[in-house]
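>>> Please work out how this folds:
(one chain, ligands or ions: 1)
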Amino acid sequence: MPEWLNALPKAELHLHLEGSLEPELLFALAERNQIALPWSDVETLRAAYAFNNLQEFLDLYYAGASVLHTEQDFYDLTWAYLQRCKAQNVIHVEPFFDPQTHTDRGVPFEVVLRGIQQALRDGEQQLGISHGLILSFLRHLPEEEAFKTLEQAMPFRDAFIGVGLDSSEKGFPPRLFERVFAKARSEGLHAVAHAGEEGPPEYIWEALDLLKVKRIDHGVRAIEDERLMQRIIDEQIPLTVCPLSNIKLCVFEHMGQHNILDMLERGVKVTVNSDDPAYFGGYVGENFAALHEHLGMTEAQARRLAQNSLDARLA
Ligand SMILES: [Zn+2]
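Numbers count the residues shown, from 1 in each chain. Predicted structure coming up:
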């Protein structure tokens, strides 16, 4: 990666902490917690990182997350991510975590939260990285479950800046979560949601109009709907785009076809993020580098993308 690219101050606004679990740490935690894994070694696991769509990735992602049990595990996961950020001059992070991935396996909500929170605090003090944590609901589960998760979270209200919506997109439109998002907003939480990754532009409209989100996560399919494009340009609604993720999950066939720079040039407030870096081949820096290599991103464009990420912070 060119040094000027690495040195640019950036914020990361679309990162799933569970998706930053590198194979080496995954194996170390499995050993520490005496959990048997379906893969014989790190290489076998890495070889499984070939996905045809979002669901194939999610199946592996949930299997990987099953090694996380103790507060220390969640601390180590978050701390490892923050060190990567430090190395790439990511100065602010707004990561997601999925409580339901863990509470459904019997890990208490506060165990997950305390580990993450302590690492974020240490990151602020020792690495100078500021943060705002986002609690994300799993959309393949019913809204009722999301309500329960929000209820569990409320005693720790100050630990979050907002709520998000992730997991399997197709067939699970934002409108299914309208009431729980209204409740979260009434508690003063910001709203964001994954929309328009695999799902159609209608899902982006719903996220804006029904969930009243401040940012759209992914949103690359907005380009299929000209009226929607005009709205996100006029209202400067940030899109947290994840280029390497989109290639790994076949949203675009090649990086050369990615639309992020076209959107940038049209005036869309796009940002560069890594989504699930351990699974998709890199962190924010590698995502910027891929745009430079395959789309001819200029230094001026990189600076605008980095500035967009700082402007689109919620914390
Ligand atoms: Zn995501």
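>>> and Ile91, how many residues sit next to it?
By other C-beta atoms under 10 Å, 18 other residues sit near Ile91. (C-beta placed from N, C-alpha, C; glycine too.)
>>> Leu60 too?
18.
>>> Ala50 is in contact with that one, correct?
No. Applying C-beta atoms under 8 Å as the test, Leu60 and Ala50 come out as separate, 10.0 Å apart.
>>> Sticking with Gln307, tell me its helix or strand.
helix 299-311 (DSSP states H and E).
>>> Wasn't Gln126 part of a strand?
No. Membership of Gln126 in a strand is not supported by DSSP: H, G, I helix; E, B strand; the rest coil, which gives helix.
>>> how near is it to Ser20?
With the distance defined as C-beta to C-beta, to the nearest Å, Gln126 ends up 18 Å from Ser20.
>>> Please apply the same query to Ala315.
In terms of C-beta to C-beta, Ala315 sits 19 Å off from Ser20.
>>> same check, this time on Ala300
For Ala300 relative to Ser20 (C-beta to C-beta), the value is 30 Å.
>>> Among those two, which residue is more densely surrounded?
Ser20 (23 against 8).
>>> What are the phi and psi values at the more buried one?
The phi/psi pair for Ser20 (degrees, to the nearest 10) reads phi -100, psi 10.
>>> And the strands in this protein, which stretches?
Using DSSP state E, the strands of the chain run over residues 10-12, 90-93, 96-97, 130-131, 134-138, 162-166, 190-195, 215-218, 239-241, 270-272.
>>> so which of those strands gets nearest Arg231?
strand 215-218 (10.9 Å; C-beta to C-beta).
>>> For that closest one, give me every contacting residue.
For strand 215-218, the external contacting residues (C-beta atoms under 8 Å, 6 or more residues apart in numbering) are 13-14, 164, 166, 192-197, 204, 207-208, 222, 232, 237-242, 246, 251, 312, 314.
>>> packing partners for the helix holding Gln307?
strand 10-12, helix 260-266, strand 270-272, helix 284-295 (3 or more C-beta pairs under 8 Å, 6 or more residues apart in numbering; DSSP states H and E).
>>> one more time with 10 Å, if that's ok
Applying 3 or more C-beta pairs under 10 Å, 6 or more residues apart in numbering; DSSP states H and E, one finds that helix 299-311 makes contact with helix 3-7, strand 10-12, strand 90-93, strand 239-241, helix 260-266, strand 270-272, helix 284-295.
>>> Packing partners of the first one?
Applying 3+ C-beta pairs under 10 Å, 6+ apart, one finds that helix 3-7 contacts helix 284-295, helix 299-311.
>>> likewise the second one?
Contacting strand 10-12 under the criterion 3+ C-beta pairs under 10 Å, 6+ apart are the following elements: helix 71-87, strand 90-93, strand 130-131, strand 270-272, helix 284-295, helix 299-311.
>>> a markdown table for these, including distance to Ala65?
Shown next, in a markdown table, are those (distance: least, C-beta to C-beta, whole Å):
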| stretch | distance to Ala65 |
| --- | --- |
| helix 71-87 | 9 |
| strand 90-93 | 19 |
| strand 130-131 | 21 |
| strand 270-272 | 25 |
| helix 284-295 | 21 |
| helix 299-311 | 26 |
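>>> which of these is buried the deepest?
Using mean count of other C-beta atoms under 10 Å, the stretch among the helices and strands packed on strand 10-12 with the largest mean neighbour count is strand 270-272, at a mean of 27.
>>> So what are the sheet partners of that one and their directions?
strand 239-241 (parallel) (DSSP bridges).
>>> mind listing what's buried in the strand it pairs with?
For strand 239-241, burial by neighbour count (16 or more other C-beta atoms under 10 Å) applies to Leu239, Thr240, Val241.
>>> wait, the second one sits on Leu15?
In this case it means Thr240. Yes. Using C-beta atoms under 10 Å as the test, Thr240 is close enough to Leu15 to be in contact (9.0 Å).
>>> Verify the contact between Glu145 and Leu138 for me.
Yes. Contact criterion C-beta under 10 Å: Glu145 and Leu138 qualify, at 7.6 Å.
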